[in-house]
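Engineer: Fold the stuff below for me.
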Amino acid sequence: MTQTEAPTTKLPSGHHPAQERKWQDYFTFNTDHKVIGIQYLVTSFVFFAIGGLMADVIRTELRTPASDVVSPELYNQLLTLHGTIMIFLWIIPAGAGLANYLIPLMIGARDMAFPKMNALAFWMLPPAGVLLALSILVDAPQAGWTSYPPLSLMTGKVGEGIWIFSLLVLGTSSILGAINFFTTIIKMRVPSMDLNSMPLFCWSMLATSALILIGTPVLAGALILLAFDLLVGTAFFNPTGGGDPVVYQHMFWFYSHPAVYIMILPLFGAISEIIPVHARKPIFGYLAIAYSSLAISFLGLIVWAHHMFTSGTPAWLRMFFMITTMVIAVPTGIKVFSWLATMWGGKIALNSAMLFAMGFVGEFVIGGISGVMVASVPFDIHVHDTYFIVAHLHYVLFGGSVFGIYAAIYHWFPKMTGRMMNEPLGIVHFILTLIGMNLTFMPMHALGMQGMNRRVALYDPQFQPLNELCTIGAYILAVSTVPFLINAVWSWIKGAKAGDNPWNALTLEWQTTSPPEIENFETLPVLAWGPYDYGLERIPEDIEPPLTSPELQPDTSALS
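Structural biologist: Numbers count the residues shown, from 1 in each chain. This next block holds a predicted model:
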């Protein structure tokens with residue numbers, strides 16, 4: 001067994017059938033990590049629908065140059081809420097939901113390290129989200145999801161105050177979750193699993209948790225100081241009182257650029273688990289992928305000011321952030337090439353999970369290429385605050401994160417529910433999402449290069465034809481969620497029984513029942529063979545991992 005092997009095992013036969021949860025458990029303060037994971041996923045998808053509805057209203061308004069659907073004031077409110085909801089109430093919580101469900105199963109643990117804190121972290125999410133969404137009925141924030149002063153100090157105090165309070169609650173929830181993930185991965189792996197043999201998803205969550213713990217308190221500090229300026233009349237960021245709004249930008253982006261990696265790193269890990277299974281090949285470059293997650297986490301903390309090339313940043317500092325931003329493409333490229341090498345020569349199954357995983361790679365690469373472009377100071381100054389930035393952001397976060405979330409749901413749905421999703425509906429969902437995604441956001445590159453500003457409801461009529469294409473694409477994206485919802489609900493109730501391991505996967509979560517027992521494993525598993533490196537030999541499709549030999553079983557008498 002080589003150093004790069006990540007061994008696993010199949011549980012001994014004869015364990016008890018899965019203990020089923022009642023539907024009421026998902027509406028209570030339940031400490032089971034699997035219940036909490038599903039609570040996160042379902043709740044975040046509800047907010048995804050709300051944020052998506054707002055996006056369609058925005059795109060309907062932008063179909064024509066005139067303000068003929070909503071007022072400019074309401075447009076600004078919808079734009080602010082859409083960005084905030086999609087980031088803080090959809091992608092980040094969905095990643096946390098996957099981590100909650102999978103991490104203990106992947107490392108052979110009974111639950112998370114701090115179950116009650118885990119439940120508390122989730123239950124901070126719904127009230128903060130509802131408060132933020134309902135602010136549209138009173139005085140929603142209008143300063144954009146970045147909430148730059150002095151603009152944010154000049155709009156309604158109620159809406160801006162709700163925005164600040166909601167983000168402080170959501171940030172606290174995120175910190176509690178990160179503490180739990182980090183502690184669980186470091187301290188609760190089965191004794192036979194060292195760091196270099198744990199699943200790549202766990203590596204990605206270590207990197208994500210580090211970013212959350214370092215970056216989120218800085219955002220919280222910025223928001224608290226902004227609240228004092230707004231409500232008390234201090235002048236930390238208010239230039240009329242001698243404050244410096246650029247300091248807010250530094251504090252905001254010190255978190256909010258790493259937030260891009262907080263959103264994408266969990267899906268990097270998920271894709272690294274999905275592709276080998278459906279390509280029937282071991283992952284290429286296990287250690288390179290694992291350590292590149294840590295490199296991304298570190299470099300993500302020293303690139304924030306590339307968002308501020310037009311904010312009076314000194315030339316020498318621009319050069320530093322330009323170089324570091326370009327360098328971060330290296331560990332990201334390592335992952336992409338490793339995924340492609342894994343698929344090369346594999347026996348690829350073109351099912352829904354794999355299609356979304358391949359779509360993830362392709363769409364994210366487009367966003368990554370445009371990211372390297374905007375890392376260049378001269379180009380960034382040209383396209384700053386134009387629709388080129390909107391296109392780049394959405395190729396990374398929709399083409400990346402959302403495609404990754406869909407891939408993960410299709411892949412782990414049988415484990416979560418014990419039932420298979422409908423493949424024809426899944427393929428329809430993928431095709432509609434792929435078409436809608438590219439039709440919506442690809443034309444925005446051209447709009448940005450031609451000079452169309454973002455975040456405004458009115459624009460030059462010369463941009464109308466491309467905006468009409470974008471609006472049609474947004475409608476297709478909205479329709480694409482319908483087959484997914486039908487598929488998820490119907491399959492959960494009436495789908496074909498999945499069995500414990502329908503994909504013939506080799507990581508530990510597939511070696512227990514589907515859905516898993518309440519405490520995950522009847523006996524603690526022992527690692528005995530590797531899902532990542534079989535001497536670089538191809539995994540035959542019909543090979544089952546061998547049963548663990550009885551002499552390797554741990555003494556579990558102390559657990560009873």
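
Engineer: Report the spatially closest residue to Val57, excluding sequence-adjacent ones.
Structural biologist: Leu78 (5.7 Å; CB to CB, 6 or more residues apart in numbering). All C-beta atoms are positioned from the backbone trio N, CA, C, and that covers glycine.

Engineer: I figured that neighbour hits Ile58, correct?
Structural biologist: Yes: between Leu78 and Ile58 a contact is recorded at 5.5 Å, counting by CB atoms under 8 Å.

Engineer: hang on, the earlier thing: sticking with the residue nearest to Val57, tell me its helix or strand.
Structural biologist: Here Leu78, judged by DSSP states H and E, is contained in helix 72-85.

Engineer: Could you state which residue of the chain sits nearest its centroid?
Structural biologist: Met263 (3.6 Å; CA atoms, centre = their mean).

Engineer: Quick check: it vs Arg455, distance?
Structural biologist: In this view, Met263 and Arg455 are 20 Å apart by CB to CB, to the nearest Å.

Engineer: before we move on, what about Val46?
Structural biologist: Per CB to CB, Val46 is found 26 Å from Arg455.

Engineer: Go ahead and report the secondary structure state at the closest residue to Pro93 other than its chain neighbours.
Structural biologist: In space, and not counting its chain neighbours, Pro93 is closest to Ser44: 4.0 Å by CB to CB, 6+ apart. Put simply, Ser44 is helix when judged by DSSP: H, G, I helix; E, B strand; the rest coil.

Engineer: Just the pLDDT for Ser44.
Structural biologist: For Ser44, the pLDDT comes out at 97.

Engineer: Test my guess that it contacts Ala94.
Structural biologist: Yes: the pair Ser44 / Ala94 is scored as a contact, 4.3 Å apart, by CB under 8 Å.

Engineer: Same drill for the two, tell me which one is more crowded.
Structural biologist: Taking neighbours as other CB atoms under 10 Å, Ser44 and Ala94 compare with Ala94 leading, 27 against 24.

Engineer: Helix, strand, or coil at the more buried one?
Structural biologist: Assigned by three-state DSSP, the conformation of Ala94 is helix.

Engineer: residues in contact with it?
Structural biologist: Contact analysis of Ala94 by CB atoms under 8 Å, 6 or more residues apart in numbering lists 40-41, 44-45, 48, 401, 405.

Engineer: helices and strands of this protein: which one has the lowest mean pLDDT?
Structural biologist: Counting by mean pLDDT, DSSP states H and E, the weakest-scoring helix or strand in the chain turns out to be helix 151-154, with a mean of 91.

Engineer: how distant is that helix from the center of its chain?
Structural biologist: Counting by CA atoms, centre = their mean, to the nearest Å, helix 151-154 is centred 30 Å from the centre of its parent chain.

Engineer: go on, stretch 420-433?
Structural biologist: Chain-centre distance of stretch 420-433: 21 Å, with CA atoms, centre = their mean.

Engineer: Ok, stretch 417-436 next?
Structural biologist: Its chain's C-alpha centre and that of stretch 417-436 lie 19 Å apart, by CA atoms, centre = their mean.

Engineer: Output it in PDB, but only the C-alpha positions, please.
Structural biologist: The C-alpha coordinates for stretch 417-436 follow below in PDB (Å, rounded to 0.1, in the frame of the first residue of the first chain):
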ATOM      1  CA  THR A 417     -33.200   8.600   1.200                       C
ATOM      2  CA  GLY A 418     -32.500   4.900   0.300                       C
ATOM      3  CA  ARG A 419     -34.100   5.600  -3.200                       C
ATOM      4  CA  MET A 420     -32.800   6.400  -6.600                       C
ATOM      5  CA  MET A 421     -33.600   9.600  -8.500                       C
ATOM      6  CA  ASN A 422     -35.200   9.300 -11.900                       C
ATOM      7  CA  GLU A 423     -32.500   9.500 -14.600                       C
ATOM      8  CA  PRO A 424     -34.500  10.800 -17.600                       C
ATOM      9  CA  LEU A 425     -35.800  13.700 -15.400                       C
ATOM     10  CA  GLY A 426     -32.300  14.300 -14.200                       C
ATOM     11  CA  ILE A 427     -30.900  14.500 -17.700                       C
ATOM     12  CA  VAL A 428     -33.700  17.000 -18.700                       C
ATOM     13  CA  HIS A 429     -32.800  19.000 -15.700                       C
ATOM     14  CA  PHE A 430     -29.100  19.100 -16.700                       C
ATOM     15  CA  ILE A 431     -29.800  20.100 -20.300                       C
ATOM     16  CA  LEU A 432     -32.200  22.900 -19.300                       C
ATOM     17  CA  THR A 433     -29.700  24.200 -16.700                       C
ATOM     18  CA  LEU A 434     -26.800  24.100 -19.100                       C
ATOM     19  CA  ILE A 435     -28.600  25.900 -21.800                       C
ATOM     20  CA  GLY A 436     -30.200  28.500 -19.500                       C
END
